[in-house]
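**Student:** Everything below, folded, please.
(2 chains)
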Amino acid sequence: MKLLTHFLLILIALLPAAAQAEWPDDKPIKFIIPFGPGGFDAYVRIVSPGLEKILGAVVVPENMPGAGGRIAANAVYRARPDGYTIGIWNMPGMTLPAIVGERVRFDLKRLTWIAQLGVDGYGLAVKATSPLTTLDDLCNLGRQATFSAQGGLTETASIAAVITMVKLGCPYKLVTGYQGSSQGTLAVMRGDVDARINPIGSLIPYVDSGDVRLLLTFEKERSMPGVPTIAELGHSEFINFGLRRVVAGPPGMPESIRDRFSAALIEVTQSEAAQEWSRNTNNPFSPLDSEQTATAMQDVMRFYEEYGELLRRELKGN
Amino acid sequence: MDFSLINDALAELVASGHSHYIFFGVLVGLTFGVVPGLGGTTALALLIPVTYAMDPVAAMYLAGGCMGATSFGGSLTAILLNTPGTPPNAATTYDGYPLTLQGKAGLAIGASATASALGGLIGLISLLLVIPLARNIIYLFGPPEFFLLTILCLTAIAVATRGKLLRGLVAAGFGLMLAFVGMDSVSGELRFAGEIDYLWDGIPLVPVLTGMFAIAQMLVLALQGGSIVSASDRVTRLSGVADGIASVFRHWTHLLRGSAIGTVIGAIPGLGGVVASFFAYSSAAQTSREPESFGKGNIIGVIAPESANNAKDGASLLPAVAFGIPGSAESALLLSILILHGIEPGPSILIENQREIYGLILAITFSAVGASLIGLIGARWLMMITRVKVSVLVPVVICLTFTAVYVLDGKLGDVIICAMMGMIGYLMIRFDYPRLTFIIALVLGTTMEQAFHQSVNISNGNMTGYIAGRPTAIVLFVLVILTLLLPAARSFRTGKPEK
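**Tutor:** Here you go, the predicted model:
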């Protein structure tokens, strides 16, 4: 389907025997999404039309789901750095395979970071009717507190649960096998498990409908009235938990191309249409340019590497 | 039941001037349904960019029109070529194709069209009835219930392979084996994937099913030569269609039961159409007074799965409507169309996006009826395909199928799997191993394993106690036992030992 579109577009592009001139010429730009429909997909599809207009090129979002994002990561990493292939990355999700000792075929440190689109802070949710009201309650159940999680070690949310619970000395257990964050939230609502960590934006609708309640958010300052932040609870080292949606290209992409991409993406996120979408859907934009993104990603990688040993130990047993 | 909302939706459909989108959707859905390998998911994925500039309600008309029509389109290929056009039509091949061989394709198409249309309508009514209860229903099915449901379906396999129990079990075992390839969704460990990236996500269903049925059937035809039905056979004239329509009303209990099964299984996330139609088929065969007539051209074998097939479309929206959480691949795509239009699906989707949701429900229903009408009108010409020379038919279908499988995800691995399964499927036909039990096991394997692990994990190893405390689980458990006792009960009644 998408392939067919590509094929036709490429055919059209080849017709006038294009001489390799200015970037972008009539070749379509592939924007790879490591998942099917969902948050990452939505971000890419919302910014793509604006990107097309500013760059004057065809942008084709392409879903390449599979292997927890690794297939798309490999595809972007191995692509030619000619500005015709970029991807959206799940950070810190994609740092985790290497940290927990998996052999990976991409090196995040060599990627060309283009821009950060958004950061979702995390919140810890329990069922609305649950007797638990504080993190302490969750810690002192007299048994292991259960969290719903995905298997496969790239889900940032379950990693956040592991680090928090271990560092606070709370007994916990991950119940894995839930596909995606919405199934994980449903598991809390159904009473399969005690709690779930998820991006705040994706929890808000379920808080509003009275299905779940937030115990805390992993933020520096309160964004949800009446819900304490992890910093207020005295653990400001955990404010960095969050899901970052970052655009990056293959290693060695020319700076000029990188910067034009970066400027265009930031401009798009500030457009009225994008802002309205963001407000309506609780999908925040927190744009960073390529330099800022590169620095932020170094921090993220360093943060999770610190917990490397802890994660390797904990996830083996789970 | 809230009919006023449906009234509003109808009024909007008439007033909006967008009704042609449903018709366009039906045409797309029929086409994608007919071609083996292409199905509702591919069609919807392809439509997503098209809807970008459309009004969200119009987009829902288009998507619903498409979704409601694919399963009937797929039944045409199942009946005429013994090749299910979409995965859920696999069960229809069992009796649909023997009817074609007997020169009664018209009868089967008539029955399939009517059962699809009525199944769609019954699905709509049941959906409207249960929407107020949607949350409770979904809360009833946690990991232990999922586990028992898959066991129930696997038990039905054993019983449905009447007289070929051992072969059925071997095929199902093979299916389970393949189901466990790839990343274990519980531990995240890779199993049987070697160094091949492609296998990380397991063996995909559509290429397997397409190979197993479409390619294998083409091999059978190629070796047999001639044409499916000989041209001199005058019986293949249209005569049967009216009988087919009438047969559905004659067997209305099977229509109702098929639709009920489709509704229930459709509503449960993760099981889907293949299981629904198979379960409807096997329950019809199991409880029949003449079980040996199934698989040889019993019209009930077409009515039961096809009604389940269309009834499940409406019900599969239930998790999406209740929580904004997709219960099937198709509803995930529907939700992503809404996301694209700036609507964030959530638990209040039914309140905040009434227009879109009811418009969608309406479109699916109209589409089920509309596709059947188009199918009935076209039946006369469609049946000609069975007279086409095999030397022409086979290469065309094989090319089309491989292309469809490739286009699906753009993965060459899919095509390789499809070709391999074609050969295995041919061997299974040749040595009389049931392919459907293989497919069902492949579909259920992952869910079963995952639900089992989750239940054990949540209950800290005390599965018995966990199940004993959950009424739904107990009911399912009793159903498993009853299913196992059924053959014994039947032989007791007839006084003849079961083969």
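
**Student:** For A:Glu52, grab the count of nearby residues.
**Tutor:** 18 (other C-beta atoms under 10 Å in any protein chain shown). Bear in mind the C-beta positions are built from the backbone N, C-alpha and C, glycine included.

**Student:** shouldn't it be in contact with A:Val58?
**Tutor:** Yes. Using C-beta atoms under 8 Å, A:Glu52 is in contact with A:Val58, at 6.3 Å.

**Student:** what's the neighbour count on B:Asp95?
**Tutor:** 28.

**Student:** Pretty sure it sits against B:Val302.
**Tutor:** Yes. Contact criterion C-beta under 8 Å: B:Asp95 and B:Val302 qualify, at 5.5 Å.

**Student:** Please enumerate the shared neighbours of those two.
**Tutor:** B:Ala108 (C-beta atoms under 8 Å, 6 or more residues apart in numbering or on different chains).

**Student:** And the pLDDT at residue 272?
**Tutor:** In the absence of a named chain, this looks at chain A. Per-residue pLDDT puts A:Glu272 at 91.

**Student:** try chain B instead
**Tutor:** Predicted confidence (pLDDT) for B:Gly272: 77.

**Student:** Using just helix, strand and coil, how would you label A:Ala160?
**Tutor:** helix (DSSP: H, G, I helix; E, B strand; the rest coil).

**Student:** Tell me how many other residues surround it.
**Tutor:** When neighbours are defined as other C-beta under 10 Å, A:Ala160 has 23 of them.

**Student:** For it, give me its contacts.
**Tutor:** A:122, A:197, A:218, A:238, A:241.

**Student:** from the middle of its chain, how far away would stretch B:297-309 be?
**Tutor:** 12 Å (C-alpha atoms, centre = their mean, to the nearest Å).

**Student:** hmm, back to that, most widely separated two among the contacts of A:Ala160?
**Tutor:** Based on C-beta to C-beta, the longest span within those runs between A:Ile197 and A:Phe238 and measures 10.7 Å.

**Student:** Mutual contacts of those two, please.
**Tutor:** Common neighbours of A:Ile197 and A:Phe238 (C-beta under 8 Å, 6+ apart) are A:160, A:164, A:218.

**Student:** May I see those organised as CSV, with pLDDT added?
**Tutor:** Below are those laid out as CSV (pLDDT from 0 to 100):
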residue, pLDDT
A:Ala160, 88
A:Thr164, 90
A:Phe218, 92
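
**Student:** pLDDT weak spots in the stretch 101-250 of chain B?
**Tutor:** B:158-162, B:230-239 (pLDDT under 70).

**Student:** Let's see that with 50 instead.
**Tutor:** Scanning the stretch 101-250 of chain B with the threshold set as pLDDT under 50 gives B:234-236.

**Student:** Which positions in it make contact with chain A?
**Tutor:** Residues of the stretch 101-250 of chain B lying close to chain A (C-beta under 8 Å from any C-beta of the partner chain) are B:138-139, B:142-143, B:183-188, B:197, B:200-201.

**Student:** Tell me the one of the residues you listed nearest A:Val300?
**Tutor:** Of these, the one sitting nearest to A:Val300 (C-beta to C-beta) turns out to be B:Gly188, at 21.2 Å.

**Student:** Now the closest one: phi and psi?
**Tutor:** When read as degrees, to the nearest 10, the backbone of B:Gly188 gives phi 80, psi 0.

**Student:** pretty sure it is touching A:Ile159, no?
**Tutor:** No. Using C-beta under 8 Å, B:Gly188 is not in contact with A:Ile159, being 11.9 Å away.

**Student:** what about these two, which has more around it?
**Tutor:** A:Ile159 (26 against 22).

**Student:** Can you name the residues that contact B:Leu80?
**Tutor:** B:97, B:100, B:105, B:109, B:228, B:382-383, B:385-386.

**Student:** Assign a three-state SS to A:Leu216, would you?
**Tutor:** strand.

**Student:** Show me what it is bridged to.
**Tutor:** A:Leu124 (DSSP bridges).

**Student:** Wait, it touches A:Ala231, no?
**Tutor:** No. Using C-beta under 8 Å, A:Leu216 makes no contact with A:Ala231, being 9.7 Å away.

**Student:** Compare the two (neighbour count), which wins?
**Tutor:** Neighbours were counted for A:Leu216 and for A:Ala231 using other C-beta under 10 Å; A:Leu216 has more, 24 against 18.

**Student:** which residues touch the more buried one?
**Tutor:** Contacts of A:Leu216 by C-beta under 8 Å, 6+ apart are A:123-124, A:135, A:227-230, A:233.

**Student:** same question, B:Gly295
**Tutor:** Here B:Gly295 is in contact with B:94-95, B:98, B:285, B:301 (criterion: C-beta under 8 Å, 6+ apart).

**Student:** wait, is it part of a strand?
**Tutor:** No. Counting by three-state DSSP, B:Gly295 is not found in a strand; it is coil.

**Student:** Next one: it, what pLDDT does it get?
**Tutor:** 85.

**Student:** just A:Gln20 next, same as before
**Tutor:** A:Gln20 is assigned 43 on the pLDDT scale.

**Student:** Please name the nearest non-neighbouring residue to the closest residue to chain B within the stretch 1-150 of chain A.
**Tutor:** Closest to chain B within the stretch 1-150 of chain A is A:Pro37: 3.1 Å, counting by C-beta to the nearest C-beta. Of all residues not flanking A:Pro37 in the chain, B:Ser336 sits nearest, at 3.1 Å (C-beta to C-beta, 6 or more residues apart in numbering or on different chains).

**Student:** The one you found and A:Gly38 touch, don't they?
**Tutor:** Yes. Judged on C-beta under 8 Å, B:Ser336 makes contact with A:Gly38 at a distance of 7.5 Å.

**Student:** On the strand side of things, show who the residue nearest to the spatial centre of chain A bridges to.
**Tutor:** The structure's chain A has its C-alpha centroid closest to A:Asn90; by C-alpha atoms, centre = their mean the separation is 3.6 Å. Residues in a beta bridge with A:Asn90, per DSSP bridges, are A:Arg245.

**Student:** Relative to the whole chain's centre, how far out is the lengthiest helix in chain B?
**Tutor:** For chain B, the helix that runs over the most residues, judged by DSSP state H, is helix B:354-382. Offset of helix B:354-382 from its chain centre (C-alpha atoms, centre = their mean): 17 Å.

**Student:** mean confidence for that helix?
**Tutor:** Taken as a whole, helix B:354-382 has a mean pLDDT of 87.

**Student:** Give me the next element, helix or strand, following it.
**Tutor:** Per DSSP states H and E, the first helix or strand lying C-terminal to helix B:354-382 is helix B:390-409.

**Student:** list the buried ones in that next one?
**Tutor:** Across helix B:390-409, burial judged by 16 or more other C-beta atoms under 10 Å in any protein chain shown covers B:390, B:393-394, B:397-398, B:400-402, B:404-409.
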